[in-house]
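Visitor: what follows is a predicted structure for the sequence shown.
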Amino acid sequence: MVLKKASAIASNPNTAPAVRGLQEWLTLLDSQDTDERRLAARALGEYSVATPALLNALAREKSIRVKGAILVSLQCIGGHRVLEGLLPFLRSENAALRNGVIEILQGMPEEIGEYIKDLLHDHDSDVRIFAIDILQTLAHPDSPNWLIDVILHDKHINVVATAIDRLTEIGTPEMLPAISAVKARFPGEPYIEFVVNLAVKRLTEE
Amino acid sequence: MKKILIVDDATTVRMYHRQLMESIGYQVEEAGNGLEALERINQESFDLLLVDINMPKMDGYTFIEEVRKTPDVRATPAIMISTEETEQDQDKAYAAGANFYLVKPVRIEALQTYAELLTGGVQ
């Protein structure tokens, strides 16, 4: 495990208080007091070594404010360990937590790219929709191709409609045949009719 | 004319639901998340709320819970409309205070039936 502050500690003779601080914050993360847990969660954003503790706390925490503080700290720490720790929360029953995690993942474009393809093929259609939500702000060069693959092959109407919706923003006129072809995959479905017509109109206007 | 607030972060979904509701005679307003919707309902009254679950800033469950706690607007009927299909999702919606739960994509017939039931008709 690498302490994020390692370089600062190495060059600073007063390293002991910082290390003690870490231990104290970790202890306070389990406090009965909500304010103490929130303060600890915020302070631990300085320490990458606190990632597992923050992820465990996120799973059990009841307070919305503390959860928010934990997510901010995990965002500050960043990296693959945080990302891999956050992905299971996309399956959480807690909508607020799920949405908070999606917002954090949207802010990790470099790390999330390699995981998106798997998420877009997840067995759970809601997770596939969340993956498309993550793509909403992810400026990844492969995004259009991933979404075309979804609209051509995914069987779930809401996943396909969400992907078309996203393509209206990042798609190009060359994608119009693929988008138009979706109507044939869901014949007589007014929602798909509406979403496809809107996408075609927007991409043609551009 | 009865007024409906559509609460959904997806613009296309809002446009689709707006088209459906306007076609049966309702006046429609929109909000992109629960927080924005809370501000709207404290400024003007609505006859019905159509609410998505997964939204940034404030999710649909929390929004409806907040509505039910707010004296002046707590009685506003709400239909939750989501991609989530399990019985557990529906139970959570009803526990939060939703009057009905519909799975996307909604059929206009179902939406019309529930909307009229909750608003007493278009006029």
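Guide: The structure has been received and is ready for your questions. Numbers count the residues shown, from 1 in each chain, chains lettered A, B, ... in the order given.
Visitor: SS state for whichever residue of chain A sits closest to chain B?
Guide: Closest residue of chain A to chain B, Cβ to the nearest Cβ: residue A:191 (3.4 Å). Using the backbone N, CA and C atoms, a C-beta is placed for each residue, glycine as well. Here residue A:191 takes the helix state, with states given by DSSP: H, G, I helix; E, B strand; the rest coil.
Visitor: same deal with the one 10 residues further on?
Guide: Three-state secondary structure (criterion: three-state DSSP) places residue A:201 in helix.
Visitor: thinking again about what came up before, for the residue of chain A closest to chain B, what are its contacts?
Guide: A:157, A:161, B:16, B:104-105 (Cβ atoms under 8 Å, 6 or more residues apart in numbering or on different chains).
Visitor: switch to 6 Å and redo it
Guide: Listed by Cβ atoms under 6 Å, 6 or more residues apart in numbering or on different chains, the contact partners of residue A:191 are residue B:105.
Visitor: quick check, pLDDT for it.
Guide: For residue A:191, the model assigns a pLDDT of 95.
Visitor: please apply the same query to the one 10 residues further on.
Guide: The predicted local distance difference test score for residue A:201 is 93.
Visitor: residue 122 is in what secondary structure piece?
Guide: Picking chain A for this. Using DSSP states H and E, residue A:122 falls within no helix or strand.
Visitor: distance of it relative to residue A:179?
Guide: Distance, residue A:122 to residue A:179, using Cβ to Cβ, to the nearest Å: 23 Å.
Visitor: more neighbours: those two, which one.
Guide: Using other Cβ atoms under 10 Å in any protein chain shown as the criterion, residue A:122 and residue A:179 rank with residue A:179 on top: 23 against 16.
Visitor: tell me if the more buried one really is in a helix.
Guide: Yes. Looking at residue A:179 with three-state DSSP, it is inside a helix.
Visitor: right, and it touches residue A:198 too?
Guide: No. Between residue A:179 and residue A:198 there is no contact under Cβ atoms under 6 Å: 10.1 Å.
Visitor: mind listing what's buried in the helix or strand encompassing residue B:6?
Guide: Secondary structure assignment for residue B:6, by DSSP H and E: strand B:3-7. Using 16 or more other Cβ atoms under 10 Å in any protein chain shown as the test for burial, strand B:3-7 gives B:4-7.
Visitor: and these as JSON lines, adding distance to chain A and pLDDT?
Guide: Converted to JSON lines, those look like this (distance: Cβ to the nearest Cβ, whole Å; pLDDT from 0 to 100):
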{"residue": "B:4", "distance to chain A": "18", "pLDDT": "97"}
{"residue": "B:5", "distance to chain A": "19", "pLDDT": "98"}
{"residue": "B:6", "distance to chain A": "14", "pLDDT": "97"}
{"residue": "B:7", "distance to chain A": "13", "pLDDT": "97"}
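Visitor: okay, the residues you listed in JSON lines with distance to residue A:203 next?
Guide: Below are the buried residues of strand B:3-7 laid out as JSON lines (distance: Cβ to Cβ, whole Å):
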{"residue": "B:4", "distance to residue A:203": "30"}
{"residue": "B:5", "distance to residue A:203": "30"}
{"residue": "B:6", "distance to residue A:203": "25"}
{"residue": "B:7", "distance to residue A:203": "27"}
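Visitor: report the contact partners of residue A:83.
Guide: Contacts for residue A:83 (Cβ under 6 Å, 6+ apart) come out as A:108, A:111.
Visitor: and it, what element?
Guide: helix A:80-86.
Visitor: for the next helix or strand after that helix, packing partners?
Guide: Counting by DSSP H and E, the next helix or strand C-terminal to helix A:80-86 is helix A:95-106. When contacts are defined as 3 or more Cβ pairs under 6 Å, 6 or more residues apart in numbering or on different chains; DSSP states H and E, helix A:95-106 sits against helix A:64-77, helix A:125-135.
Visitor: how about residues contacting helix A:95-106?
Guide: Identification of contacts with helix A:95-106 by Cβ under 6 Å, 6+ apart yields A:71, A:75, A:86, A:89, A:92, A:112, A:130, A:133-134, A:137, B:53-54, B:56, B:59, B:61-62.
Visitor: out of the residues you listed, grab the one that's most surrounded.
Guide: In the contacts of helix A:95-106, the most neighbours by other Cβ under 10 Å go to residue B:53, 27 neighbours.
Visitor: and that residue, that one's in a helix?
Guide: No. With three-state DSSP as the criterion, residue B:53 is assigned coil and is not in a helix.
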